[in-house]
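predicted coordinates and the sequence they were generated for:
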Amino acid sequence: MDDMLHRDESERAVAIAAYERELTLQRFDVARREAEARLQRLEAYVGQMQPVLRRYRDTIAEMRASPFWRLRRLTLGVLGTLRGRRAAGPDSVELSAADGFGAAREVRQYEGWLRDNALRPWDIERLRGLAGILRATPTLSIITPVYETPEAYLRAMIESVLGQVYPHWELCLANDASPSPYVRAVLDEYAALDPRIKVIHRPENGHISRASNSALAAAGGEFVALLDHDDLLAPDALFEVAATVNRDPGVDIMYSDEDKIDDDGRRLDPYFKPDWSPESFLSRMYTGHLAVFRRSLLEEIGGFRPEFDGSQDYDLVLRATEKTERIHHIPRVLYHWRVHSGSVASAADAKMYAYDSALRAIREALERRGEPGVVEMLPNDLGRYRVRYTIRRPERVSIIIPTRDHAVDIERCLHSIFEKSTYRDFEIVILDNGSTEKTAIQTLDAWKTARPEQVHVVRYDVPFNYSQINNYAAERSTGPYLLFLNNDTEVIAPDWIEAMLEQAQRPAIGAVGARLLYEDNTIQHAGVVLRIGGVAGHSHRFMQADIPGYYHAVKTIGNFSAVTGACMMIRREVFNQVHGFDERLAVAFNDVDLCLRIRAAGYRIVYVPDALLYHFESKTRGSDDTAEKRQQTKSEEAFMQHRWNIGQLEDPFYSPHLTLRTEDYAIRS
């Protein structure tokens, strides 16, 4: 019997491979001809543009080195401050060209992306063939509450389900007592057309949660997918869900990327999402649609709760993710939100009650999780939330500041800490890495004399090695929390320590990073993204400080793969567990490496925008202006590539559809 099963599996594998090979060859032949024509056009264009690009590159280099460029950046920062913060909608980037996210550029980028990534007829046929030979073919129950849907939208929604390449589905439609007769007629028409369509006509209007629960009660599939009554599924949506189940049979929750579609059929505003990010989710409901759940999980948590209507999906995901960690993000645009008058997708204030429901859902989630705190909506920013946890045991924070000379920098840094900080239980361990300037030594002596109980100066005369000197200082500090801080920083937000500590105290959190600004009020750091520029780059760098960021990533607390060591808080027990900074990384990437090891140990990394400081960046070490420094950086980049295989490593908190060339979250081309 085992031999027979093995032979059947082998024959199945051979058949799949042959089928795939034939379709691939057909597709390759067409794609080759298209690529050859495109290549010829590109070669001609590149030949024309190369001299122009060289001239522009030289000009830009001269401009950046000039006093005028510095004045320009300062002016833009002042203008940005005068403009004030703009309100932003719940599901759009809402950034102007002045912020670096020109709307016209974004539209062009997405149009180009669609040309390269849209399903073509042979893709559809290929997926239909693959759907027929999947090992597991779970029934996917789509649940849709329906109320007074415009007929054209209702038909288009149902047709998008009928057009799925994966055939093992059922569509459960709950008509929530729509008064218009055409709604019942359309639903009954389609139910008669296809036995996979189930229709429930509710006798009275119960609103979205009760209607969704009625549809859920009729569902018989192993998994349940959510679909709004006026939106559309991509043809491969359910196939990608089934393929994910085949790859991981234990998966409990799945969600996909999404975009919007207007009445002209134009697709816009793509949202290329991160993998599951618990802190980001508490700040914004980003999973959205397509969302799919194991039916038994929904039954376990009791389905939708009517008291959270408007944000019932948010509440549902909050409760569901407390029961499982088997959560998959499908990085494909599988869902199209309909943009029309009155939809949440088109207007931030279309359903104000939804935001109140979301606040209550988050607050209740904190109570269930035993993590008390305050939840509020960001000012002038509907649909974005701030969780400020209660600091349960205020304990000493050891602020570790390496320095060498640069008296003005260390004086400004220390003055801002003592003058502005509202958290008072801290010590400062200054690691003097060989200062020789008289004013710098006098400055350190003065602070040590004025604040003997809080300021400790440790002399450590070794060649500069950021990792080594921070490890040395950490061993000589006393607090259960370590806050690594560059000497070229200045505190802006008085509660910066509290904002970091309330996250660092949580057992699941390994490291916490701050929002850092250049002196001209542009962003220096808002989280670290892997592979940008080689090893890693800073999220939204050089952009105006008041921007929301890519789907509000700058303004909200969120998960990243790493944060900068220029201002990073870590519990001492976590720091010791991973053996601190790796001293083989003397200059570059030591903070990224530390965060990756912390994540490998099972902790999460959090970026906190409320911890706000200026960072005058790298004044202690200087720029990479010598052959020795450039070689050091190259060596440490090679170290990171070898240890982490960075070139092949996908950042789970940054979409593979976004660029690795710049730090502005542009669509990858």
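Great, that's in hand.

so how far is residue 188 from the nearest residue to residue 182 once chain neighbours are set aside?
Nearest residue to residue 182 in three dimensions, chain neighbours excluded: residue 151, at 5.4 Å (CB to CB, 6 or more residues apart in numbering). For the C-beta atoms, the positions are set from N, CA and C on the backbone; glycine is no exception. Distance, residue 151 to residue 188, by CB to CB, to the nearest Å: 13 Å.

over to residue 523?
Taken as CB to CB, the span from residue 523 to residue 188 is 55 Å.

of those two, which one has the most company?
residue 523 (24 against 14; other CB atoms under 10 Å).

so residue 489 bridges to which residues?
For residue 489, the beta-bridge partners are residue 615 (DSSP bridges).

and the gap between it and residue 138?
53 Å.

which one of the two has more residues nearby?
Legend: neighbour count by other CB under 10 Å for residue 489 and residue 138, higher for residue 489 (23 against 20).

any idea how far residue 105 is from that one?
From residue 489 to residue 105 the distance is 33 Å (CB to CB).

over to residue 526?
In this view, residue 526 and residue 105 are 20 Å apart by CB to CB.

also residue 500?
Taken as CB to CB, the span from residue 500 to residue 105 is 35 Å.

more neighbours: the two, which one.
Comparing residue 500 with residue 105 by other CB under 10 Å, the one with more neighbours is residue 500, at 27 against 14.

tell me the predicted confidence for the more buried one.
Looking at residue 500, its pLDDT is 98.

surely it forms part of a strand?
No. Counting by DSSP: H, G, I helix; E, B strand; the rest coil, residue 500 falls outside a strand, being helix.

strands of the stretch 151-300 of the chain, residue ranges please.
169-175, 197-201, 223-226, 232-233, 253-261, 267-271, 291-294 (DSSP state E, counting those that start in this stretch).

let's have these in a markdown table, adding mean pLDDT.
Converted to a markdown table, the strands of the stretch 151-300 of the chain look like this (pLDDT from 0 to 100):
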| stretch | mean pLDDT |
| --- | --- |
| strand 169-175 | 98 |
| strand 197-201 | 98 |
| strand 223-226 | 98 |
| strand 232-233 | 98 |
| strand 253-261 | 97 |
| strand 267-271 | 95 |
| strand 291-294 | 98 |
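
tell me which of those sits nearest to residue 580.
strand 253-261 (35.7 Å; CB to CB).

name the helices or strands packed onto that closest one?
Counting contacts by 3 or more CB pairs under 8 Å, 6 or more residues apart in numbering; DSSP states H and E, strand 253-261 packs against helix 237-247, strand 267-271, strand 291-294, strand 327-338.

deepest in the core, which of those is it.
strand 291-294 (a mean of 24; mean count of other CB atoms under 10 Å).

domains in this protein, by residue range?
Split into domains by automatic domain parsing, the chain comes to 2-65, 121-369, 397-648.

would TSV of those with distance to residue 390 be doable?
What follows is the domains of the chain, written out as TSV (distance: least, CB to CB, whole Å):
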stretch	distance to residue 390
domain 2-65	46
domain 121-369	9
domain 397-648	7
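
out of those domains, the one nearest residue 387 is which?
domain 121-369 (5.2 Å).

what about the closest one, how long is it end to end?
48 Å (CA to CA, to the nearest Å).

can you give me how far it is from the chain middle?
Put simply, domain 121-369 sits 21 Å off its chain's centre (CA atoms, centre = their mean, to the nearest Å).

with stretch 363-370 instead?
Worked out by CA atoms, centre = their mean, stretch 363-370 lies 23 Å from the chain centre.

got the contact list for that stretch?
Applying CB atoms under 8 Å, 6 or more residues apart in numbering, the contact partners of stretch 363-370 are 282, 315, 318, 319, 322, 372, 373, 375, 387, 389.

of those, which belong to strands?
373, 375, 387, 389 (DSSP state E).

ok, the second one touching residue 358?
It stands for residue 375. No. In this structure, residue 375 is not within contact of residue 358 by CB atoms under 8 Å, at 9.2 Å.

more neighbours: the two, which one.
Neighbours were counted for residue 375 and for residue 358 using other CB under 10 Å; residue 358 has more, 27 against 19.

ok, the nearest residue to that one once chain neighbours are set aside to residue 355 distance?
Among residues not flanking residue 358 along the chain, residue 311 sits closest, at 3.9 Å (CB to CB, 6+ apart). Using CB to CB, residue 311 is found at 7 Å from residue 355.

what strands flank whichever helix or strand residue 429 is part of, and is each parallel or antiparallel?
Using DSSP states H and E, the element containing residue 429 is strand 426-432. The strands beside strand 426-432 in its sheet (DSSP bridges) come out as strand 397-403 (parallel), strand 455-459 (parallel).

which parts of the shortest one are buried?
The reference is to strand 455-459. 455, 456, 457, 458 (16 or more other CB atoms under 10 Å).

which one among those residues gets closest to residue 484?
With CB to CB as the yardstick, the closest approach to residue 484 among these comes from residue 458, at 14.3 Å.

test my guess that that closest one contacts residue 434.
No. In this structure, residue 458 is not within contact of residue 434 by CB under 8 Å, at 11.9 Å.

for the buried residues of strand 455-459, work out which two are farthest apart.
Greatest spatial distance among the buried residues of strand 455-459 (CB to CB): 455 and 458, at 10.9 Å.

where do the contact lists of these two overlap?
Contacts common to residue 455 and residue 458, judged by CB under 8 Å, 6+ apart, are residue 430.

show the end-to-end separation of stretch 561-579, please.
19 Å.

could you export the helices and strands packed on strand 253-261 as TSV, including distance to residue 423?
Shown next, in TSV, are the helices and strands packed on strand 253-261 (distance: least, CB to CB, whole Å):
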stretch	distance to residue 423
helix 237-247	44
strand 267-271	36
strand 291-294	39
strand 327-338	34
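
select, out of these, the one closest to residue 277.
Once the helices and strands packed on strand 253-261 are compared by CB to CB, strand 327-338 is nearest, at 9.2 Å.

so which bits of the following helix or strand past that closest one are buried?
Next along the chain after strand 327-338, taking DSSP H and E as the criterion, comes helix 352-369. Within helix 352-369, the residues that count as buried by 16+ other CB under 10 Å are 354, 355, 357, 358, 360, 361, 362, 363, 364, 365, 366.

out of the ones in strands among the contacts of stretch 363-370, which one sits closest to residue 450?
Nearest to residue 450 among these, with distances taken as CB to CB, is residue 389, at 33.2 Å.

related to what we said a few turns ago, overlap of the contact sets of residue 375 and residue 358?
Taking CB under 8 Å, 6+ apart as the criterion, residue 375 and residue 358 both touch residue 385.

name the helix or strand of this structure that has the lowest mean pLDDT.
helix 67-83 (a mean of 48; mean pLDDT, DSSP states H and E).

so where is the stretch 101-250 of the chain shaky, pLDDT-wise?
Under the criterion pLDDT under 70, the flagged ranges of the stretch 101-250 of the chain are 101-104.

would you map the helices across it?
Secondary structure of the stretch 101-250 of the chain (DSSP state H, counting those that start in this stretch): helices located at 103-117, 121-131, 151-162, 181-193, 207-218, 237-247.
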